[in-house]
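Undergrad: Got a predicted model here, sequence first, then my questions.
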Amino acid sequence: MSDMQQRHRINCVVDGQTFEGNYWIAGKILVVSTAKGGASTQVGLHQPQALAENLLQQLAREGKA
């Protein structure tokens, strides 16, 4: 696996519950994956970890984390 696709563990707390997932960068796309779903977005100028945390929080609120 190339460095660009190395997976990183991530977690967040939403409404007192902890959610976990993985994120990686494929080209210019950041991908967040959980046991129940996933999401992706362009990296742009944002810090990848902060962007991944935001996507994980969104997935948690949608019941996909």
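TA: Thanks, I have it.
Undergrad: contacts and neighbour counts: CA atoms only from here.
TA: Noted.
Undergrad: Give me the below-cutoff pLDDT ranges for this structure.
TA: 1-4 (pLDDT under 70).
Undergrad: Need the residue closest to the centroid of it.
TA: Among the residues of the chain, the one closest to the centroid is Val32, at 3.1 Å (C-alpha atoms, centre = their mean).
Undergrad: before we move on, what SS does it have?
TA: Following DSSP: H, G, I helix; E, B strand; the rest coil, Val32 is assigned to strand.
Undergrad: dump the residue contacts of the nearest residue to it once chain neighbours are set aside.
TA: Of all residues not flanking Val32 in the chain, Tyr23 sits nearest, at 4.3 Å (C-alpha to C-alpha, 6 or more residues apart in numbering). Tyr23 makes contact with 7-10, 30-33, 52, according to C-alpha atoms under 8 Å, 6 or more residues apart in numbering.
Undergrad: wait, what's in contact with the residue nearest to the centre of the chain?
TA: 21-24, 38-40, 52, 55-56.
Undergrad: how near is the residue nearest to Val32 to Ile29?
TA: Distance of Tyr23 to Ile29, given as C-alpha to C-alpha, to the nearest Å: 10 Å.
Undergrad: Just the ones of the contacts of Val32 in helices?
TA: With DSSP state H as the criterion, helices contain 52, 55-56 from among those.
Undergrad: Beta-bridge partners for the residue nearest to the centre of the chain, please?
TA: For Val32, the beta-bridge partners are Tyr23, Ala39 (DSSP bridges).
Undergrad: what does Val14 give?
TA: Val14 has these beta-bridge partners by DSSP bridges: Gln17.
Undergrad: how near is it to Leu56?
TA: 10 Å.
Undergrad: ditto for Ser33
TA: 8 Å.
Undergrad: Common neighbours of the two, please.
TA: Gly21.
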